[in-house]
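# sequence plus the predicted model coming up.
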Amino acid sequence: MESKEYELNDIVEMKKQHPCGTNRWKIIRIGMDIRIKCEGCSHSVLIPRKEFTRKMKKVLEKQED
């Protein structure tokens, strides 16, 4: 199984897609909660870290230095 290591500005795929039809999310804030932004419509959502880890499927693109 692929590890669920993620960092700020990574593009991730969630288990359920957004109503706009896109399943690509960018991590824009990491703390106790994680804020992700939809790559399709730019809507942002704040999710508790535990819930995010459970709902994340995989990391699509790692952040480049």
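Great, that's in hand. Residues are numbered from 1 along each chain as shown.

# pretty sure residue 46 sits against residue 32.
No - the pair residue 46 and residue 32 does not pass the contact test of Cβ atoms under 8 Å, sitting 10.2 Å apart. Any C-beta I mention is one placed from the backbone N, CA and C, and that applies to glycine too.

# these two: who's more crowded?
residue 46 (11 against 7; other Cβ atoms under 10 Å).

# any idea how far residue 64 is from the more buried one?
Separation of residue 46 from residue 64 (Cβ to Cβ, to the nearest Å) stands at 25 Å.

# what of residue 26?
13 Å.

# would you mind telling me which of these two has more residues around it?
residue 26 (19 against 5).

# need the strands for this structure, in chain order.
Assigned by DSSP state E, the chain shows strands spanning 11-14, 24-30, 33-38, 44-48, 56-61.

# report the angle between the last one and strand 24-30.
Orientation note: strand 56-61 sits at an angle of 90 degrees relative to strand 24-30 (axes from the mean of the first three to the mean of the last three Cα atoms, to 10 degrees).

# let's have the chain start at 26 instead
Okay, using 26 as the starting number, the last item reads as strand 81-86.

# can you give the strand pairings for strand 81-86, parallel or anti for each?
Using DSSP bridges, strand 81-86 pairs in its sheet with strand 36-39 (antiparallel).

# so for the partner strand, mean pLDDT?
For strand 36-39, the mean per-residue pLDDT is 95.
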